[in-house]
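A.B. asks: With the sequence up front, the predicted model follows.
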Amino acid sequence: MLRRLNRGIDDASGILRRDLEEVAEGVRATRVFAETDAVNSRTLEGVGVGNEKPMLDNGKFDVTEYRWPDPPERVSTPENAPLLIADEFERILQEGGHARWANYDPGAFRHDLRTFERWLRTEGPLAPLNQHYGLNCWEMTCYAAARAGVLDKPALRELLDPPRDPNGRFGKGVLDSWLNRMGDRLIPGERSIYTGELGGPRPQRGDLVMWGRDALHVSMATGRMGSDGSPEVYSFWPPPKHEVVHDPATDTYSRVTDTVQLTTVDELSRVTYNSELIIPPGTEIIFGRGPW
């Protein structure tokens, strides 16, 4: 969950959407990703393990043009799937514990901080959360869905697994264009806008709550209202309890934090970094049923 920050994190999706290839090579110049999205003219034969494009002689990821596949169709899941996942979030909350919030930065991948992504690319059971288990906010909702038996690994691979080269880097424009589609993938059906107005629509228990159409941050509604009068959510992200900071040990923006925080829409919308709001003012707050 991310935004334009002062140092090394550029825009509303700064941690995720800076030039990750340059970051992996140690370049720290500030840069804003291109706003235009020309992915419809790109071609991609396969996404995921074993389908990564080859490295060029100069060590760069092959800059092949891509055409992204349509979002996967919603798989057959129980009608009460949102409630099952919300109940799983509640169990994770009650268990306590910690996990590492880590985004798609190649450095996090190389330092083996992207545990959930690694699990998608291998076989084996879902491991329990702990301080070494790395994933981001929307992956946590899918972790809960997997633990609740709502989504299996093949469905999660289709939904979440972008192509990387063996060094963890992405092709030119691949991550940016992939992230631009995550909002549609995470809430593929009917959606509503939360405005905070009296009598306006409000998320129900199990709805995904998403900041921005490209999923700057994703949480799940508890179905209750918080003490500040805004919807209460289950959230996996360092704020509001902890700051988002640079981890010098791994040279990434990642942090061990609570597996689930019980917070509110308004509280998350007020989070700052270096005295700036992380979620830009006016960002739409969208909610609806997830891809289950």
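C.D. replies: Thanks, I have it.
A.B. asks: what number of residues lie near Ile193?
C.D. replies: Residues contacting Ile193 under the criterion other C-beta atoms under 10 Å number 11. Any C-beta I mention is one placed from the backbone N, CA and C, and that applies to glycine too.
A.B. asks: ok, now Ala86?
C.D. replies: 22.
A.B. asks: Sticking with it, tell me its helix or strand.
C.D. replies: Applying DSSP states H and E as the criterion places Ala86 in helix 81-95.
A.B. asks: List the buried residues of that helix.
C.D. replies: For helix 81-95, burial by neighbour count (16 or more other C-beta atoms under 10 Å) applies to Ala81, Pro82, Leu84, Ile85, Ala86, Glu88, Phe89, Glu90, Ile92, Leu93.
A.B. asks: Which secondary structure element of this structure has the lowest mean pLDDT?
C.D. replies: In the chain, no helix or strand scores lower on mean pLDDT, DSSP states H and E than helix 20-24, which sits at a mean of 37.
A.B. asks: got any ranges where this protein has weak pLDDT?
C.D. replies: In the predicted model, the chain carries pLDDT under 70 at residues 1-76, 172, 274-275.
A.B. asks: What segments of the stretch 151-292 of the chain are helices?
C.D. replies: In the stretch 151-292 of the chain, the helices defined using DSSP state H, counting those that start in this stretch lie at 153-160, 174-180, 182-186, 265-269.
A.B. asks: of all those, which gets the most neighbours per residue?
C.D. replies: For these, the largest average neighbour count (mean count of other C-beta atoms under 10 Å) is found in helix 174-180, namely a mean of 22.
A.B. asks: Now do it: which elements does it pack against?
C.D. replies: With contacts taken as 3 or more C-beta pairs under 8 Å, 6 or more residues apart in numbering; DSSP states H and E, helix 174-180 sits against helix 14-17.
A.B. asks: quick check: angle from the longest strand along the chain to helix 81-95?
C.D. replies: If you go by DSSP state E, the chain has its longest strand at strand 217-225. Angle of strand 217-225 versus helix 81-95, following axes from the mean of the first three to the mean of the last three C-alpha atoms, to 10 degrees, is 90 degrees.
A.B. asks: partner strands of strand 217-225, parallel or antiparallel?
C.D. replies: Counting by DSSP bridges, the strands paired with strand 217-225 are strand 208-211 (antiparallel), strand 231-235 (antiparallel).
A.B. asks: Would you mind giving those as CSV with mean neighbour count and distance to Val174 added?
C.D. replies: Output for the strands paired with strand 217-225, formatted as CSV (neighbours: other C-beta atoms under 10 Å; distance: least, C-beta to C-beta, whole Å):
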stretch, mean neighbour count, distance to Val174
strand 208-211, 26, 22
strand 231-235, 25, 28
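A.B. asks: Which one of those strands lies nearest to Asn130?
C.D. replies: strand 231-235 (18.6 Å; C-beta to C-beta).
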